[in-house]
Each structure stands twice: as structure tokens, then as C-alpha cells.
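# how does the following fold in three dimensions:
(chains A and B)
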Amino acid sequence: MTAILPRDPNDVMRLERMGAFFQTRLSFMRSLIRRMHDEQWRIEAVRSELDDEGYGVAIYEADAGQRTYSLVCFSQPISPESRTDRVIAKVWDATFTLADGRPTEDDIRRLAENVPKQEAGRCTAKEIVLARANKSLRLFDHITGRLADGRQPDVKVIGEVGYLMRTTAVYGNGKFGLADREKISSRSELAGPFAAEMLAVYLIRCFTIDLVEHIARRRNPQGAVPLDPAIKRFLGIGNATGLGMAPFLVGHPILINNWFSARERALARVRSVERVKPEDQERFAQLLDRAEQHIAEWNVADERQMGNIIRLRRELPEIRAQALADTGALNRKQPWDTLYRWAEAELSLEGQELLVSLMIEPYPELVDDLSGEMAANETATIDARMSVAEVRGHIAKDYPWSLGIDFSDPARQQRFWYVSEEKLEPRLGERDTEPGAGKEMPLAIGRDVQALDAALIGMPGSLDMSEFLIKHPEFRHVVRRVQVTARYPYAELRSNLVDADMLPLDMLRCKLSFFGAVKFDPRSDRWTRITMYQGAPLADELHEPNADDWAFPVKPGPPS
Amino acid sequence: MKVSLNEIQAMARKATFGSGLAFGLAEEAGLAVRLLSRSGLPAVEGLAGALEIYQRDNIAYPPEQRAEGGDWFWTATDGTGMFCPLIVGPSLADSIAAADETMPRRIMVRDVVSPMLLPGFLAPSGFSLRVTWNDGTALLSGGRIRQYRSPAEAGPPNDNPTTVNIEFIEHGAQHTDDDIAAHWDSAPEQGVEVDTEAWLRLEAIAANILVPDNEISRTQGAGAGLVDTD
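Residues are numbered from 1 along each chain as shown, chains lettered A, B, ... in the order given. Okay, here's the model as predicted:
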């Protein structure tokens, strides 16, 4: 038996590949739903003080066994022209906080004063997550109208949007006075990256579904009907995401390593399987069917992404033929490795990464333990004893991509990342034409590593970093990164983040795929909408045996 | 006002970077101020003072190091004759970690401003150290600040340069990131009280890294429209 090694970070950590990722069963929403299923969590609406239009306060409790978490929801009327997905917004249709335990009446009064203000308010360490969302007006109005008329909504219209509300920020980890991550990181029910944020979003989904039924009932108490459960399940939560994710990926190298490492080891384990069992092959075939329909239902306005989707639609039948024919890959030795190698040679990056997701899916017993290894302690002190020669050796091994870039070519550093004075929004500027390059965020890692290497060339090979850095503190952050990457091979994005051709969207999609997002819908080269929890079990379905089986959601058929 | 440790770390990092110091130093300042604040110490005030002095006097680097009878003596070599703890702190931690068999018994650092910040940089080395200055003492071991005493804590940071003594209580202690992480895994239940005025001073320094808006950046820099009514 030959164990297949995880893929080379020089290939995996390129932006083009990262920007082709899909959710996998290790994605954080998937892990959370499994945990809620395994640990028999109970979710309940414990307060609903909403008026006829759905404005007011509601509270949802998640009973996680040892502890309870409460999503406190505030819903309010806003004017259409103030509805923006950007962080520059000042009002939102709904605002939320995930509270630790059950908030008291005093807490709720305090939260009502602060949560609707979002960044302009203050939370306390009793709260874990702060979030807000805006309605998708066309779907919201369509569904409430139909339900109030006693009819189910048009599934086609639902398929075009996929969610009732779109979150525009989900904050955690101590922001705006919230509890530090350390307060909850040792709790088993919230173990894993972004678990609290993912829980908050799941509960927001519960709220949005109840909200449309509530409004319809108030509008027509006698004639309104509840939403068909299959349609409810197909309603996820939207999200609009911008450039903030890029600095996050660069700023958390060890965490990012652990995400990628788990995903790559999962793939390596599956590729190392010697023979496919018939039931696993059957499962793969089912998933392939579902994925084909899912991709067929994924339509976006962005031309580049739509082109990729159209190519994917052509490639999925090729995967089927290659995998499942009588003489296909799955009937050979090391079947998944055979299939993956074919895909690597023949398919687009999106085709390859979709296959990765599909291959991992039938093997919970082989890979699910890895979801427990995706969190990180991010403390990384500099190894001051490391010599100049060793640092240069690590640069040569891990940063060949940066050493080959000609930074004297203006196009290679045409962009610069900065934080805007207005609401501290991360933005991307053009170095030659926009002011502010002097206040660049340190995201030009390739350029900085190349400069470090050049500075080290003239130094004695045995000189250690304590002596080098005492004279060159300007290289401290780069030396730290090189040392971290030497220990954590997937820590670094191996692309030039200030290049004229760099596509920020790739970073956004990568991070969102780890969350478990689907239906990437780019609105520009640096802004995307997505759908979360589409197809996920509803709160009263979490205990059903198939609760984990919601990858690649598809539109429900007509109600029976 | 009450803030989280994450807010303290982020503010310390941004303000240090905003003061003009290198980003790598800013990262370490964030960790040091977080660690000190976690231990209940007025590090936000200390940082605000240190950064203002750094900006005012443009303290430069590097130090001159002299070894004598098992002791090290660090002296500032630039015209100010002073050390900024945000620059010398990381260097001291590096030198201690790299010393090995040449480990000194004691390090004397002359003319440090806001010396109360130094233990935050030295604790993560994992060594057992006694750090003393004027009327202040800190005992460090296992990545933590075990004891800290400084009658001047309540007052404004002392910007008179002070000599700091660092004594090795025992040799051979190991620096592990896990030790530090274990300490940090217990965040305070209710946030940390910080001095609002000092916090605003840090915010003002941190604002140096922000780029003022113009029409291009506002409409195109984030890559999204200004209204989403769908």
C-alpha cells in the first residue's frame, strides 16, 4: 500500500487554486451541524415580541447540553436607500447578538440600546457574537405575500436568491467589547474556528424563516399557510463579503495552515484508499448527481465566474465517465488517486476542487476527526537562534514564488492595501494614481521576503537572528513569517498580493469555502455574495439520521 | 471603559505601527500589552506614554552591548541616550533566547522610558527573571508575570529614563509557546478596565495608518456599490 502525501503547498497555496475551492465536510458549518446532531442540541424560539410587520425583539435559545446560548434579534424598519451591504452602513433590517447563557431583562434593555448601533454601540463579555443582516426584499416580499395568500412561494424565485436575509458582518473574538475567543475556546461545544459565529448564523436563519411566517399570519390570520418544510430547508442565509477577509488570511498564518493542512490530509487519506467499497461508490454517484443539479442551478451575473460554471457543467459528466465506467478509475487500484491524477491533467481548477470535495464526502470515518485539528494557538515568537544561512534556506524552499518576481516592474506592485479612515474599511488602491501608499498594510509578503533575502546575502551565514534583527527591526515580521512557514507549510499564501493581476476574490472564496459557503456570486473583483446553510437541516430536523447529508443543496420539487 | 483583550492587542499593534515603528515590533507590542493587561497592569497608559515619547524624541537604535564579569550592559547609542521599550524589549527577549552557554547573570539596561512595559516582552521568553526598575519589580516565569509591584502604577508613566535590571533567577528555563497559550486560554470573564483618556491617545496615534477617503477610494476601493436594495 502506498500512502499518498498531501499536495505541495507551492501548488495549493496559489490564489488561482484557492479561488476555486468548494465547501467540504470539514467546513465549519458542516462540523457544527454534525456536533448539534451528535450532542442532541435543542433550538427553540423563547421570545417573539414582533409587530404585524415583523419589527421588534425575538430570542432563540440553543441548548447545547452543558450550556445555553441565546441569539437576541432586533428587527426594525429602514428606508430602502440606506440599505447597503458595505461596512459604511449605519442601519440594518435586523441586528443580532449571540449571548452566553440567558440574558436578563436588564441585559436585553442594554442590548436594545447597543446592538442595533453595531460598531457604534458596545457589547460586554457576556456576548460572544455581534451581527447584522438586510432583507433580500424581492424574496422577502414574494414569500410573505404568497404565504399570506395561502399559497407556497415560487421555487424558481427562491432559487434565484436562496435566502431571506443577507448578513453583512458577523463579528466575534472580542470586537466591540464582545467576549475574547479565549473565554469560549476551551468549551467543547464551541471548539473549532468560528464555531460561535457559525452558530449565530444558523440561529439567524431560524429567525428569518419564522419571521416570514409571522408576518404572513398577521396579515391574514385565517388564510395564511406555513412554509413547506422542503422550501424552508432550501432557504439559507446570504452574506456579502469584501476585502476584510484578505488581511485576515495573511494575519493568521498558523490558523490558515491548520485549515489547509486538515483539508489536504483528508484528501491524501482518501487518495490512499486501496479499493472503493460498493456502498462508497454508490454514495459518490449520488453526490455526483446532486452536484450536477446544484451546479446547474448556480447562475451568476459575473462573466468570469459564469464561464467557470459553464465549464464545470461540461466537466461533471466527464468525471462521471472517468470514475464510474466499467473500466473507470473507481474500479482500479488506488481509485481516488487515479481519478484525482486524471482530473489534475484534464479539468479546470474548479473541476479539480469540486472533485476534491466530492471525494472526501463519502468518508466520514476517514476524515471527520481532522475537523478537530483546525483551531490554532497563534503565538509565534521569533527563533532568535536561527542563523542567516538557515533563514535563507527556508526562503529558498518556501518562497521560490517570491524570489522570481521582478518587483522593479511597476505592475508587480501596482496595488496597495490600506485601511480607510471612513469606518476603518480595508480597501485596495492603485499605487500610481491614488494617495495613501505610504500607509500601506504589510500584505506585500513576497516583496518583503525578497528584500529580506537581499539583506541577508551580505551577512555571515552563522550570524543569528538576534544579532541581525537588533540592527534591522524592519524585518521582524518577515523573519517571523519565514520561520512560521518553515514549521507550518500551508501558512503562507504563495502569490503576490500587490500584483496588478491579483484577484482579491480568490482569497474571499477560499475563506468562505472553509466556512461552508455555496453559490459564490461575485459582484466585482473584490466583493462577493454567498449562501450559507442552504439545504441544512432545520432546527427540528437536527436529530434525524441524515442531518449531515446536505452538501450541494438543490431546489426542492413541487410540494406534495 | 471596559475592553476585551483582543481590542487591547489590536489597538496596541495599530498604535505602535501608527507611531512609525516597524510592523514586526508592533505585533510584539500588541502581545506584550495584552499580556500585561491580562495581568491587571495599566499597560495601555504605559504604551500611550512610550509611543508619545518615541514620536517626540525619535528614539533611534541600535544599542551598544558590553559584557563584564558575567553581566551585560546595554547603552543607547543614539543622540537621545534613551531606550524605547517597544524597540529594546523584543531585542532583549531575542538576546536572552539566543544566549545559550553565554547566558549572563544579569542584564543592566540604561535609560529606558516607560520601563513598566518591559516585562510584557520578556515574559514570553519562558525564563525565570526578576526585572527591577526604580520602585518597580516583576517576577516572570513559565511565560507569565507572576508578581508585579510598582507604586507608580496608578500615576502617569514616568518618562524619565530609568535603569532596568534583569536578573536570571534560574537558568535553563524553556520557552514554549504552549505555556503562553495556556495562560491566555483563560480570558477574563468581564473584559478589562482601561483608562479612557489613554485609550483615546492610542486611537489618535493609530489613526496615522488610516488613509483619508476620496471619491475613487470610496466608490471603488472596496469593490462594492453604495446601496443594495435587492
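
# over to B:F83: give its phi and psi.
phi -110, psi 140 (degrees, to the nearest 10).

# so what's it bridging to?
B:V112 (DSSP bridges).

# residues in contact with it?
Residues near B:F83 by Cβ atoms under 8 Å, 6 or more residues apart in numbering or on different chains: B:I59, B:P63, B:W74, B:A76, B:V109, B:R110, B:D111, B:V112, B:V113, B:P161. (Each C-beta comes from the backbone N, C-alpha and C, glycine too.)

# buried ones from those, can you make that a ChimeraX selection?
A single ChimeraX command selects the buried members of the contacts of B:F83 (16 or more other Cβ atoms under 10 Å in any protein chain shown):
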select /B:59,63,74,76,109,110,111,112,113,161
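
# can you give me the strands for chain B?
B:2-3, B:63-68, B:71-76, B:106-112, B:128-133, B:136-141, B:144-149, B:162-170, B:192-193, B:210-211 (DSSP state E).

# the ones you listed: which one's closest to A:D525?
For the strands of chain B, proximity to A:D525 was assessed by Cβ to Cβ; strand B:210-211 is nearest, at 19.6 Å.

# that closest one pairs with which strands?
In the sheet containing strand B:210-211, its partner strands are strand A:415-420 (parallel), by DSSP bridges.

# one step back: quick one: which of the strands of chain B has the weakest pLDDT on average?
Across the strands of chain B, strand B:63-68 has the smallest mean pLDDT, namely a mean of 80.

# could you see whether chain A lies near it?
Yes: counting by Cβ under 8 Å from any Cβ of the partner chain, contacts between strand B:63-68 and chain A involve B:P63.

# that strand pairs with which strands, and in what direction?
strand B:71-76 (antiparallel).

# tell me the angle of the partner strand relative to strand B:162-170?
Using axes from the mean of the first three to the mean of the last three Cα atoms, to 10 degrees, one finds that strand B:71-76 and strand B:162-170 are set 150 degrees apart in direction.

# how about residues contacting strand B:71-76?
With Cβ under 8 Å, 6+ apart, strand B:71-76 has contacts from B:59, B:63-67, B:82-83, B:88, B:92, B:95, B:104-111.

# tell me what angle it forms with strand B:106-112.
Using the same axes, to 10 degrees: strand B:71-76 against strand B:106-112 is 20 degrees.

# distance to A:H37 added to the strands of chain B, as a markdown table?
Below are those laid out as a markdown table (distance: least, Cβ to Cβ, whole Å):
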| stretch | distance to A:H37 |
| --- | --- |
| strand B:2-3 | 37 |
| strand B:63-68 | 59 |
| strand B:71-76 | 59 |
| strand B:106-112 | 56 |
| strand B:128-133 | 48 |
| strand B:136-141 | 44 |
| strand B:144-149 | 40 |
| strand B:162-170 | 51 |
| strand B:192-193 | 37 |
| strand B:210-211 | 45 |
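
# which one of those lies closest to A:L178?
Smallest distance to A:L178 across these (Cβ to Cβ): 10.3 Å, for strand B:2-3.

# break down the stretch 151-300 of chain A into its helices, ranges please.
A:155-161, A:181-184, A:195-219, A:229-234, A:245-251, A:253-271, A:278-296 (DSSP state H, counting those that start in this stretch).

# around the nearest residue to A:L469 once chain neighbours are set aside, how many other residues sit close by?
Leaving aside its sequence neighbours, A:L469 sits nearest to A:R476 (Cβ to Cβ, 6 or more residues apart in numbering or on different chains; 5.7 Å). When counting by other Cβ atoms under 10 Å in any protein chain shown, one arrives at 24 neighbours for A:R476.

# ok, the one 5 residues further on next?
By the other Cβ under 10 Å criterion, the neighbourhood of A:R481 contains 23 residues.

# cool, B:I216 as well?
By other Cβ under 10 Å, 13 other residues sit near B:I216.

# so who does it touch?
Counting by Cβ under 8 Å, 6+ apart, B:I216 touches A:T433, A:E434.

# try 7 Å this time
By Cβ atoms under 7 Å, 6 or more residues apart in numbering or on different chains, the contact set of B:I216 is A:E434.

# what's the answer for A:G54, then?
A:S75, A:L211, A:H214, A:I215.

# pLDDT value on it, please?
On the pLDDT scale, A:G54 gets 98.

# tell me how far the residue lying closest to B:L117 once chain neighbours are set aside lies from B:Y54.
Spatially, and ignoring its direct neighbours in sequence, B:L117 is nearest to B:P85 (4.2 Å; Cβ to Cβ, 6+ apart). In this view, B:P85 and B:Y54 are 9 Å apart by Cβ to Cβ, to the nearest Å.

# hang on, the earlier thing: as JSON lines, the helices of the stretch 151-300 of chain A with mean neighbour count and mean pLDDT would be great.
Below are the helices of the stretch 151-300 of chain A laid out as JSON lines (neighbours: other Cβ atoms under 10 Å in any protein chain shown; pLDDT from 0 to 100):
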{"stretch": "helix A:155-161", "mean neighbour count": "16", "mean pLDDT": "94"}
{"stretch": "helix A:181-184", "mean neighbour count": "22", "mean pLDDT": "90"}
{"stretch": "helix A:195-219", "mean neighbour count": "24", "mean pLDDT": "98"}
{"stretch": "helix A:229-234", "mean neighbour count": "18", "mean pLDDT": "98"}
{"stretch": "helix A:245-251", "mean neighbour count": "19", "mean pLDDT": "91"}
{"stretch": "helix A:253-271", "mean neighbour count": "22", "mean pLDDT": "98"}
{"stretch": "helix A:278-296", "mean neighbour count": "17", "mean pLDDT": "97"}
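
# helices of chain B, start to end?
Applying DSSP state H to chain B gives helices spanning B:5-18, B:23-38, B:43-57, B:85-99, B:118-122, B:177-184, B:196-206, B:215-216.

# should've said the stretch 301-450 of chain A
Under DSSP H, counting those that start in this stretch, the stretch 301-450 of chain A gives helices at A:303-324, A:335-346, A:349-360, A:364-367, A:388-398, A:400-403, A:445-457.

# alpha carbons of the longest one, as PDB, please.
These are the backbone C-alpha positions of helix A:303-324, laid out as PDB (Å, rounded to 0.1, in the frame of the first residue of the first chain):
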ATOM      1  CA  GLU A 303     -18.900  36.800 -16.600                       C
ATOM      2  CA  ARG A 304     -15.700  35.200 -15.400                       C
ATOM      3  CA  GLN A 305     -17.400  33.100 -12.700                       C
ATOM      4  CA  MET A 306     -20.300  32.200 -15.100                       C
ATOM      5  CA  GLY A 307     -17.600  31.000 -17.600                       C
ATOM      6  CA  ASN A 308     -16.100  28.800 -14.900                       C
ATOM      7  CA  ILE A 309     -19.600  27.400 -14.000                       C
ATOM      8  CA  ILE A 310     -20.300  26.600 -17.600                       C
ATOM      9  CA  ARG A 311     -17.100  24.700 -17.900                       C
ATOM     10  CA  LEU A 312     -17.800  22.900 -14.700                       C
ATOM     11  CA  ARG A 313     -21.200  21.800 -16.100                       C
ATOM     12  CA  ARG A 314     -19.300  20.200 -19.000                       C
ATOM     13  CA  GLU A 315     -16.700  18.600 -16.700                       C
ATOM     14  CA  LEU A 316     -19.100  16.900 -14.300                       C
ATOM     15  CA  PRO A 317     -20.200  14.300 -16.900                       C
ATOM     16  CA  GLU A 318     -16.500  13.700 -17.700                       C
ATOM     17  CA  ILE A 319     -15.900  13.000 -14.000                       C
ATOM     18  CA  ARG A 320     -18.800  10.600 -14.000                       C
ATOM     19  CA  ALA A 321     -17.500   8.700 -17.100                       C
ATOM     20  CA  GLN A 322     -14.000   8.600 -15.800                       C
ATOM     21  CA  ALA A 323     -15.000   7.400 -12.400                       C
ATOM     22  CA  LEU A 324     -17.900   5.100 -12.900                       C
END
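
# is that helix anywhere near chain B?
No: judged by Cβ under 7 Å from any Cβ of the partner chain, helix A:303-324 stays clear of chain B, getting no closer than 13.8 Å.

# which strands or helices does that helix pack on?
Packing partners of helix A:303-324 (3 or more Cβ pairs under 7 Å, 6 or more residues apart in numbering or on different chains; DSSP states H and E): helix A:278-296, helix A:335-346, helix A:349-360.
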